[in-house]
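Engineer: Got a sequence here, can you model it:
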Amino acid sequence: MNNIFEDTKTAFALKTDSELERAYFLFKLIKSEPLVRIGTAVTNFALKAHLPVEQLIRASVFDHFCGGVTEEDCLSVIDKMYDFNVHSVLDYSVEGKETENQFDLALEKTLQNINFAKEKSSIPFAVFKPTGFGRFKLYQKLTAGETFTAEEQKDWQRVVARFETACKAAYDKDVCLLIDAEESWMQDAADNLIESLMEKYNTKKAIVYSTLQMYRWDRLDYLKQIHERALAKGYYIGMKLVRGAYMEKERERAEEKGYPSPICADKQATDSNYDAGIEYMLTGKNLSLYAGTHNELSTLKAIELATKKGLKKNDNTIWFGQLYGMSDHITYNLAKEGYNVSKYLPYGAVREVMPYLIRRAEENTSVAGQTSRELSLLKKERNRRKKEGRL
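Structural biologist: Got it, this is the predicted structure:
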């Protein structure tokens, strides 16, 4: 099993020669932090100045990391991946919106994706971000224990109603719904709301899934606490475990505000915390796990624990997930072995998805070894194809 992730022929079977070359070029760029910073600044300037760069972005970074502009645009990608037993999670990746109309649109997209998931076996989950349904400052204020104004209270009730609508639709259609995690200083408000919806809709199995960012040292204790409450009240817990997506921002804010950083001291501590979370999820009762990870050792650990627990490879209480455009060596080789695995498939208008894409690039430069590993596998596959006379 240890050599499963070295099979680049399986990992990149879907990539044409030109797509493989593009991936190699992109990850070489991403490996350079100065180039990422310069590219980010230039891209932001070009978009704000309304320069005609969208086609260039679409043909390069967008098409590598995103499924398309619309849900329908993603269908060919979804079908191609499903031919290899890789599922898709449609992720409407427009970030940073602040108006009620935009929040209503995010709810509409989520409901559409729940319907897609009901209709297509290739789509096992729907997903949304808390700030897709309401203003960041509302979550932040509630997390800090501050009192809402009358207008803010009305706005928050609309947020609660959107969560309720999405979760009820998922429950009625028997579709699992992932809810992403965001910054620590707004997360308690989202966690409390999600927990109440788990209690309401997870009475027979996990339908509503929350997310734990395990680079936070307090998340394992939180997992144990919410699980105890669920066992006492008789409902199921669904959790997506990820390492986290806002590390630099979290540390900078903690230093600026003068409070202890919520982030683990180093990568080793984060890895240990993540693996401890995986172990807890796979040894406890009434727990369903979505292991969102690009880490090979954590993936192997989850497989080992699931095997010890006696779970079949395709048991619906354990799923693996990676981002589209990354870690294909994990995704496609897991699928080949018969495990439940999916790709997060972001989509949306090019201009509106750029904040997501920029965050992806910045994360890759800050994760030691991730980009180097991608490059080494892409290089290995390039060499294999050259020997076959393809490149």
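Engineer: Name the SS class of Pro346, please.
Structural biologist: strand (DSSP: H, G, I helix; E, B strand; the rest coil).
Engineer: residues in contact with it?
Structural biologist: Phe65, Cys66, Gly67, Asp91, Tyr92, Ser93, Leu323, Tyr324, Val353, Tyr356 (C-beta atoms under 8 Å, 6 or more residues apart in numbering). In this view, the C-beta of every residue, glycine as well, is placed from N, C-alpha and C.
Engineer: Which of the helices or strands spans Ile94?
Structural biologist: Residue 94: Val, not Ile. Counting by DSSP states H and E, there is no helix or strand that carries Val94.
Engineer: on that earlier part again, mind checking which of the contacts of Pro346 are in strands?
Structural biologist: Judged by DSSP state E, these include Asp91, Tyr92, Leu323 as members of strands.
Engineer: ok, and the most crowded of those?
Structural biologist: Asp91 (28 neighbours; other C-beta atoms under 10 Å).
Engineer: now that residue, nearest residue through space, not along the chain?
Structural biologist: Pro346 (4.7 Å; C-beta to C-beta, 6 or more residues apart in numbering).
Engineer: pLDDT at the one you found, what is it?
Structural biologist: In this model, Pro346 is scored at 93, pLDDT.
Engineer: that older thread, so which of the ones in strands among the contacts of Pro346 is the closest to Glu183?
Structural biologist: Lowest distance from Glu183 to the ones in strands among the contacts of Pro346 (C-beta to C-beta) belongs to Asp91, with 18.2 Å.
Engineer: related to what we said a few turns ago, can you redo the contacts of Pro346 as JSON lines with distance to Met239 and pLDDT?
Structural biologist: Formatted as JSON lines, the contacts of Pro346 follow (distance: C-beta to C-beta, whole Å; pLDDT from 0 to 100):
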{"residue": "Phe65", "distance to Met239": "25", "pLDDT": "90"}
{"residue": "Cys66", "distance to Met239": "26", "pLDDT": "93"}
{"residue": "Gly67", "distance to Met239": "25", "pLDDT": "94"}
{"residue": "Asp91", "distance to Met239": "18", "pLDDT": "94"}
{"residue": "Tyr92", "distance to Met239": "21", "pLDDT": "92"}
{"residue": "Ser93", "distance to Met239": "21", "pLDDT": "86"}
{"residue": "Leu323", "distance to Met239": "18", "pLDDT": "93"}
{"residue": "Tyr324", "distance to Met239": "22", "pLDDT": "95"}
{"residue": "Val353", "distance to Met239": "26", "pLDDT": "86"}
{"residue": "Tyr356", "distance to Met239": "23", "pLDDT": "79"}
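Engineer: are any of those buried, and which?
Structural biologist: Phe65, Cys66, Gly67, Asp91, Tyr92, Ser93, Leu323, Tyr324, Val353, Tyr356 (16 or more other C-beta atoms under 10 Å).
Engineer: gap between the residue nearest to Asp91 and Pro262?
Structural biologist: Distance, Pro346 to Pro262, using C-beta to C-beta, to the nearest Å: 26 Å.
Engineer: wouldn't Ala302 be in contact with Tyr280 here?
Structural biologist: No: counting by C-beta atoms under 8 Å, Ala302 does not reach Tyr280; the two are 11.7 Å apart.
Engineer: Compare the two (neighbour count), which wins?
Structural biologist: The residue with more neighbours, out of Ala302 and Tyr280, is Ala302; 24 against 18, by other C-beta under 10 Å.
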